[in-house]
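Fold the stuff below for me.
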Amino acid sequence: VQLAESGGGLVQPGGSLRLSCVASGFTSSSYTMRWYRQAAGKEREMVATIYSVGRSTVYADSVKGRFTISRDNAKNAVYLQMNSLKPEDTAIYYCRALQSLTRDYWGQGTQVTVSS
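Okay, here's the model as predicted:
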């Protein structure tokens, strides 16, 4: 079982990045998929959620209107489109697949740095 994030990097303020998270070893379509982030010296926070049923979404107030979470079940993947990036978006971004207490998987994270 593995979640592999990619797409992080260095971007200027106002720029965009698209993060990808590909699942292997299980079928992610029946899982709630979430993106979290953790900035240096801060607690990990939930950024965006997409549910398996109806594909409804939830966002942290700090990213509403700028970030979009989506999923492609055929590719066993979830994405996070990040627009209008700010320096305060700098963090390690993690993907999580959640179905139950015993089916709860995390990726290793991808670094996003927003700086001029």
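
Going by C-alpha atoms from here, please, whenever you check contacts or count neighbours.
Fine.

where exactly do the helices run in the protein?
With DSSP state H, there are no helices along the chain.

Mind checking which residue lies nearest the centre of it?
Against the mean C-alpha coordinate of the chain, by Cα atoms, centre = their mean, the closest residue is Trp35 at 2.9 Å.

Spit out the contact partners of the nearest residue to it once chain neighbours are set aside.
Spatial nearest neighbour of Trp35, excluding adjacent residues (Cα to Cα, 6 or more residues apart in numbering): Cys95 at 4.7 Å. Neighbouring residues of Cys95 by Cα atoms under 8 Å, 6 or more residues apart in numbering: 3-5, 21, 33-36, 106-109.

So which of the residues you listed belong to strands?
Among these, the ones falling in strands (DSSP state E) are 3-5, 21, 33-36, 106.

Kindly present these as a markdown table, with separate columns for distance to Glu45 and pLDDT.
Formatted as a markdown table, the ones in strands among the contacts of Cys95 follow (distance: Cα to Cα, whole Å; pLDDT from 0 to 100):
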| residue | distance to Glu45 | pLDDT |
| --- | --- | --- |
| Leu3 | 18 | 97 |
| Ala4 | 19 | 96 |
| Glu5 | 17 | 96 |
| Cys21 | 17 | 98 |
| Met33 | 14 | 97 |
| Arg34 | 11 | 98 |
| Trp35 | 9 | 98 |
| Tyr36 | 5 | 98 |
| Trp106 | 14 | 97 |
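
Would you reformat these as TSV and include distance to Arg66?
As requested, the ones in strands among the contacts of Cys95 are exported to TSV (distance: Cα to Cα, whole Å):
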residue	distance to Arg66
Leu3	24
Ala4	23
Glu5	20
Cys21	19
Met33	18
Arg34	16
Trp35	14
Tyr36	15
Trp106	24
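
Could you identify the buried members of those?
By neighbour count, with 16 or more other Cα atoms under 10 Å, the ones in strands among the contacts of Cys95 hold 3-5, 21, 33-36, 106 as buried.

Bridge partners for the closest residue to Phe67 other than its chain neighbours, pull those for me.
Distance criterion Cα to Cα, 6+ apart; nearest residue to Phe67, sequence neighbours excluded, is Met82 at 4.5 Å. As for beta bridges, Met82 partners with Leu17, Phe67 under DSSP bridges.
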